[in-house]
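> got a sequence here, can you build the structure:
(2 chains)
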Amino acid sequence: MISLKQDQTKVKETKVTSGDEAGRREFLKGSAAALALAPGMTLFAYGEALAKPADQAVSTKSRWGLLIDAAKFSDEDVDACVKACQDENGWSDTGKPLTDPQWIRRVNLKNKKTEEQFSLPMMCQHCAEPPCVDVCPTGASFKRKDGIVLVDKHICIGCRYCMMACPYKARSFVHEHIEDQKEHAPRGIGTVESCTMCVHLVDEGKEPACVKAAPAGAMVFGDLNDKTSKLAQLIKSVATQQVRADLNLDPGVRYRNI
Amino acid sequence: MKIVLIMQKLIMTMLGVAFIGVSLLASVGQASAQPEWMPNPPKAIGGQCDLDPKEMRVKHMTLLDHKRDQTMHDGIRTKKYSLKNCIACHAVKDESNKYVTVKDERHFCRSCHDYAAVRIDCFDCHASRPQDTMNKAAKAAGNPHAKSAGISAIGKPGDRTVATLRKFIAGEVK
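Below you'll find the predicted structure:
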């Protein structure tokens, strides 16, 4: 196994799909290091999640996580994930890039020295120590026992502290009146929202929509606590990274080949 | 012994039928006695409610509040007392055979809340009508209430005034 260390400072984001553009995601700087895979090693998309009984509360027994292999994503693949999320959760671009909601987005990266370019999907990283929860004045921003970070819109007052606190810029604010929301994904004006890891699907033992839409093996969803799960075995056997690991937030979403 | 048991069962059944008959009569009597301006929410599609309607009228908000916290924080997604299920069961169709949203006066929740002058903000975030993915049974059965007396009996908004109420109390209108 050969380790190829990239010039870390040269990796810089050049474009995001929408929203305020340059400089917004400089945070990826310093988090990149590329590793070559041992031959024959592949990732599998694997629907291993077991449905809990519907009347049983979630517990700390599981911690849901994702592994995203940036090398397996083309720009179109990432866009397909974004589209799948939009379809599943009922958000869309309304032609107002500054204020449009963005649960998941494409981040394009370029190594200036080698001109290597790639893109990856970026969304809520479902941190174990989420700063959005720390700053929330009402307790609306919370982490479920199984590690999924959510906004309880019943008590969200729309102060947007969490948007400021999130180093991944994963959250957005709903500025417009919305009608005919998806019944499993309520969203409305004056509240903050972000990726829910498709919590309604996870509770039914299914995979998030983006995982389903991603190329085979590019995104793996599973239980980080279950050592026998595909995800846990993968992160044990191949090198993976947390974005901005220096912040000690312990994200549940991990990346490869960035 | 066996005959006694059978007889017992028979008597119980007869009693049950008689009881249903009486309660049906009673409900018909009530409906005709209700003045027109009173809220008359459309009947549900899905049959029996999670709770007796009388109790549900009083407790529905408490039940929904409790259920929402269970769902949001604990991932408990059972149908009982879930807003999604209420909406699916109490959906109302318009002339073009589409479910009405809360913007329409005929919406189930509005039929009472307009009368009580209670503004609900549930539907700022939640869908106020069922979607295709849910309640397939109700969808297959169609909604028999779109043209029911229930909707027309809600009356025009102007009818539900304090003046009408005073007239009703004074016995001038029935």
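> for chain B, what lies in contact range of chain A?
Counting by Cβ under 8 Å from any Cβ of the partner chain, chain B comes close to chain A at B:68, B:70, B:72-78, B:84, B:87, B:101, B:103, B:124-131, B:133-134. Placement of C-beta: from N, CA and C, glycine included.
> if you set the cut-off to 7 Å instead, what comes out?
Within chain B, the residues that sit near chain A (Cβ under 7 Å from any Cβ of the partner chain) are B:68, B:72-78, B:84, B:101, B:124-127, B:131, B:134.
> any idea which of those the model trusts least?
By pLDDT, B:Met134 ranks lowest within the residues of chain B next to chain A, coming in at 41.
> so B:Cys86, which state does it fall into?
helix (DSSP: H, G, I helix; E, B strand; the rest coil).
> same thing with A:Ile235?
helix.
> so A:Val78 makes contact with A:Pro121?
Yes: counting by Cβ atoms under 7 Å, A:Pro121 is a contact partner of A:Val78 at 4.9 Å.
> now do stretch A:172-187: everything it contacts.
Applying Cβ atoms under 7 Å, 6 or more residues apart in numbering or on different chains, the external contacts of stretch A:172-187 come out as A:89-91, A:94, A:99, A:101-102, A:153, A:158, A:160, A:163, A:188-194, A:200, B:84, B:101, B:125-127, B:131, B:134.
> CA atoms of it as CSV?
Once non-C-alpha atoms are left out, stretch A:172-187 reads as follows in CSV (Å, rounded to 0.1, in the frame of the first residue of the first chain):
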residue,chain,number,x,y,z
SER,A,172,-30.3,26.7,5.6
PHE,A,173,-33.2,29.0,6.6
VAL,A,174,-36.6,28.8,5.0
HIS,A,175,-37.5,32.3,3.7
GLU,A,176,-40.6,31.5,1.7
HIS,A,177,-44.0,30.2,2.5
ILE,A,178,-44.2,26.6,1.5
GLU,A,179,-47.2,24.5,0.6
ASP,A,180,-47.7,20.8,0.0
GLN,A,181,-44.6,19.7,1.7
LYS,A,182,-43.7,16.0,1.8
GLU,A,183,-45.7,14.6,4.7
HIS,A,184,-42.6,12.9,6.1
ALA,A,185,-40.5,16.0,5.8
PRO,A,186,-42.3,19.0,7.3
ARG,A,187,-40.6,22.3,6.5
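> hang on, the earlier thing: which of the residues of chain B next to chain A has the most neighbours?
Compared across the residues of chain B next to chain A, B:Ala127 has the highest neighbour count, 25 neighbours, by other Cβ atoms under 10 Å in any protein chain shown.
> let me see the contact set for that one.
Residues near B:Ala127 by Cβ under 7 Å, 6+ apart: A:180-183, B:87.
> and the buried ones among the residues you listed, selectable in ChimeraX?
To isolate the buried ones among the contacts of B:Ala127 in ChimeraX, judged by 16 or more other Cβ atoms under 10 Å in any protein chain shown, type:
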select /A:181,182,183 /B:87
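> return the subset of the contacts of stretch A:172-187 lying in strands.
If you go by DSSP state E, the contacts of stretch A:172-187 have A:192-193 in strands.
> tell me the pLDDT of the nearest residue to A:Val199 once chain neighbours are set aside.
In space, and not counting its chain neighbours, A:Val199 is closest to A:Ile148: 5.4 Å by Cβ to Cβ, 6 or more residues apart in numbering or on different chains. In this model, A:Ile148 is scored at 97, pLDDT.
> circling back to that earlier point, mind listing the shared neighbours of A:Val78 and A:Pro121?
Common neighbours of A:Val78 and A:Pro121 (Cβ under 7 Å, 6+ apart) are A:Arg106.
> what about the residue nearest to A:Val199, neighbour count?
24.
> how about it, what does it touch?
By Cβ under 7 Å, 6+ apart, A:Ile148 lies in contact with A:64, A:126, A:196-197, A:199.
> again, but for B:Cys125
Counting by Cβ under 7 Å, 6+ apart, B:Cys125 has contacts A:153, A:181, A:186-188, A:191.
> look up how far A:Ile178 lies from the closest residue to it other than its chain neighbours.
Nearest-residue entry for B:Cys125: A:Gly188, 3.3 Å, with adjacent residues in sequence omitted and distances by Cβ to Cβ, 6+ apart. Distance of A:Gly188 to A:Ile178, given as Cβ to Cβ, to the nearest Å: 6 Å.
> which residues sit against stretch A:59-69?
In contact with stretch A:59-69 (Cβ under 7 Å, 6+ apart) are residues A:43, A:120-121, A:145-148, A:197, A:202, A:217-226, A:231, A:234-235, A:240, A:252-257.
> repeat that with 8 Å
The contact list for stretch A:59-69 (Cβ atoms under 8 Å, 6 or more residues apart in numbering or on different chains) reads A:43, A:49, A:120-121, A:126, A:128, A:145-148, A:197, A:202, A:208, A:211, A:217-226, A:231, A:234-235, A:240, A:252-257.
> what is the end-to-end distance of that stretch?
In stretch A:59-69, first residue to last residue: 28 Å (Cα to Cα, to the nearest Å).
> related to what we said a few turns ago, format the contacts of B:Cys125 as JSON lines; extra columns: pLDDT and distance to A:Lys83.
Formatted as JSON lines, the contacts of B:Cys125 follow (pLDDT from 0 to 100; distance: Cβ to Cβ, whole Å):
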{"residue": "A:Lys153", "pLDDT": "96", "distance to A:Lys83": "24"}
{"residue": "A:Gln181", "pLDDT": "93", "distance to A:Lys83": "18"}
{"residue": "A:Pro186", "pLDDT": "95", "distance to A:Lys83": "21"}
{"residue": "A:Arg187", "pLDDT": "95", "distance to A:Lys83": "17"}
{"residue": "A:Gly188", "pLDDT": "94", "distance to A:Lys83": "22"}
{"residue": "A:Thr191", "pLDDT": "97", "distance to A:Lys83": "23"}
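> next, give me the two most distant ones among those residues.
Distance extremes for the contacts of B:Cys125: the farthest pair is A:Gln181 and A:Thr191 at 11.7 Å, using Cβ to Cβ.
> narrow the contacts of stretch A:59-69 to those in strands?
Residues of these located in strands (DSSP E): A:120-121, A:219-223, A:253-256.
> need those in TSV with pLDDT, can you?
As requested, the ones in strands among the contacts of stretch A:59-69 are exported to TSV (pLDDT from 0 to 100):
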residue	pLDDT
A:Leu120	95
A:Pro121	97
A:Met219	97
A:Val220	97
A:Phe221	97
A:Gly222	96
A:Asp223	96
A:Val253	97
A:Arg254	97
A:Tyr255	97
A:Arg256	95
